[in-house]
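Q: Any chance you can model this:
(one chain, ligands or ions: 2)
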Amino acid sequence: MALVDIPGSKSLTARALFLAAAADGVTTLRRPLRSDDTEGFAEGLTRLGYRVGRTPDAWQIDGRPQGPALAEADVYCRDGATTARFLPALAAAGHGVYRFDASPQMRRRPLLPLTRALRDLGVDLRHEEAEGHHPLTVRAAGVEGGEVVLDAGQSSQYLTALLLLGPLTRTGLRVTVTDLVSAPYVEITIAMMRAFGADVGREGNTYVVPPGGYRATTYAIEPDASTASYFFAAAVVTGGEVTVPGLGAGALQGDLGFVDVLRRMGARVEVGADRTTVAGTGELRGITVNMRDISDTMPTLAAIAPFASGPVRIEDVANTRVKECDRLEACAENLRRMGVEVVTGPDWIEIRPGAVPTGADVKTYGDHRIVMSFAVTGLRVPGISFDDPGCVRKTFPGFHEAFARTGLGTAAADR
Ligand SMILES: O=C(O)C1=C[C@@H](OP(=O)(O)O)[C@@H](O)[C@H](O)C1
Ligand SMILES: C=C(OP(=O)(O)O)C(=O)O
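A: Ligands and ions are numbered 1, 2, ... in the order given. All right, here's what the predicted structure looks like:
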């Protein structure tokens, strides 16, 4: 039995940093995630003139309800879409000229629906090169507020950025959403806004955010449920057992729902008040599953699918094509390299078990989830290596060491 201490949630840490920066006092974040994405977010705040103090277990942020301290800033968002999409909204509420750039990987990822919505609210936002992509400059003069229509069918992060901005506007925001993926992330946003003293109402597809700002608080970050998926999957394919403390029935993160997929496939799953245990039973059935709400765990499922007794079909995951890489094709390509039969469509992937997977050098495309997912496959398939194992730094710099410490690979070798 492995008890696994999973680092803090990337999504909660990013939101908490935004909320703390905008709040009316000093906020303490307990157990924030320390990884490239969240360090990049914190560095972005520092570049805008916020004070972020760090100790190993907690970060302290001096909130500035009036917006960034500096009148001009240049922010590099690295690979982080939360940084690249949330920080321009924070900056828009201040007064100054703020430029945001990002890594080549992040520059390729879309932003246009958020750009349009911010412009509709009167924000002067200009893209320097390609329309709807970084780099961009915000000439900020505060945001009055009002009504906007948003297509969040490619990313819920556009909606989260607008909701987070809502309490910082002068008259409040009404955001009507025509399409939405990754809906549980919006619920995280709303729950955390409430924890920082703001309110969000809902009338059908319209989100209503009154003005009023945020209040500083002490906030404890949950372990990352997407990261936990690799450890749960590892238990299932090795016939082992993994318990993750700190993630239980009250967790905010939709990605904990991945354990329900494992349960449907035959795993033993116990979700307690404050911990979750998954154990392999030797049985892993095929499944057809809609992962629109939990698509960061699509690669985890694809990576264990070759060990199922029937086909694994994952549907409604078109937006995984605009993540760190085209994850549908990256999963398919790497599984095929292992000799596994895979078919993809515009928004689905089907893995057809049969052939025993063979070792391969996994092409990662600099995507942390491709590495962490196929590390799970590697517990059963000798000879799996990665062209860029270090890209796990985006969300879990210590992944390889932590994964080895579970001892689950040893269990697999003994089979
Ligand atoms: O808001 C967030 O913290 C996130 C939302 C999701 O993105 P999309 O809404 O783009 O699917 C998820 O994939 C990402 O890892 C984190
Ligand atoms: C898609 C992801 O990250 P982001 O969109 O926050 O860059 C992810 O972590 O899988």
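
Q: ok, now which ones touch Phe18?
A: Going by C-beta atoms under 8 Å, 6 or more residues apart in numbering, Phe18 touches Phe86, Leu87, Leu90, Leu164. Heads up, the C-betas are built off the backbone N, CA and C, glycines and all.

Q: average pLDDT for the host helix or strand of it?
A: In the assignment (DSSP states H and E), Phe18 maps to helix 10-22. For helix 10-22, the mean per-residue pLDDT is 98.

Q: got the contact list for the residue nearest to Gly80 when sequence neighbours are not counted?
A: Of all residues not flanking Gly80 in the chain, Asp37 sits nearest, at 4.0 Å (C-beta to C-beta, 6 or more residues apart in numbering). Shown in contact with Asp37 (C-beta under 8 Å, 6+ apart): Lys10, Ala14, Arg78, Asp79, Gly80, Thr82, Thr83, Lys394, Thr395.

Q: Out of the residues you listed, grab the one that's most surrounded.
A: In terms of neighbours by other C-beta atoms under 10 Å, these top out with Thr83 at 29 neighbours.

Q: what about it, which SS state?
A: When classified by DSSP: H, G, I helix; E, B strand; the rest coil, Thr83 comes out as helix.

Q: Relative to ligand 2, how far out is it?
A: Separation of Thr83 from ligand 2 (C-beta to the nearest ligand atom, to the nearest Å): 8 Å.

Q: What parts of the stretch 201-350 of the chain come near ligand 1?
A: Within the stretch 201-350 of the chain, the residues that sit near ligand 1 (C-beta under 6 Å from any ligand atom) are Ser295, Asp296, Asn319.

Q: As a check, name the ranges of all strands in the stretch 251-400 of the chain.
A: Taking DSSP state E, counting those that start in this stretch, the strands of the stretch 251-400 of the chain run over residues 268-271, 275-279, 287-290, 312-315, 341-345, 348-352, 361-362, 385-386.

Q: Quick check: which of these is nearest to Asp74?
A: For Asp74, the closest of these is strand 385-386, at 32.9 Å, according to C-beta to C-beta.

Q: Would you confirm that Leu358 contacts Gly378?
A: Just to correct that, residue 358 is Thr rather than Leu. No: with contact defined as C-beta atoms under 8 Å, Thr358 does not count as touching Gly378 (11.9 Å).

Q: between those two, who's got more neighbours?
A: With neighbours defined as other C-beta under 10 Å, Thr358 and Gly378 compare such that Gly378 has more, 24 against 13.

Q: Now do the contacts for that one.
A: Gly378 is in contact with Ile384, Gly409, counting by C-beta under 8 Å, 6+ apart.

Q: try 10 Å this time
A: When contacts are counted by C-beta atoms under 10 Å, 6 or more residues apart in numbering, Gly378 touches 234, 237, 303, 357, 359-360, 362, 371, 384-386, 403, 409, 412.

Q: okay, it: pLDDT?
A: Model confidence at Gly378, given as pLDDT, is 98.

Q: so how far is Thr320 from it?
A: Distance, Gly378 to Thr320, using C-beta to C-beta, to the nearest Å: 21 Å.

Q: next one: Leu379
A: Counting by C-beta to C-beta, the separation of Leu379 from Thr320 is 23 Å.

Q: Ok, Ala183 next?
A: Distance, Ala183 to Thr320, by C-beta to C-beta: 15 Å.

Q: okay, those two: which has more neighbours?
A: Counted by other C-beta under 10 Å, Ala183 and Thr320 do not tie: Thr320 has more neighbours, with 26 against 15.
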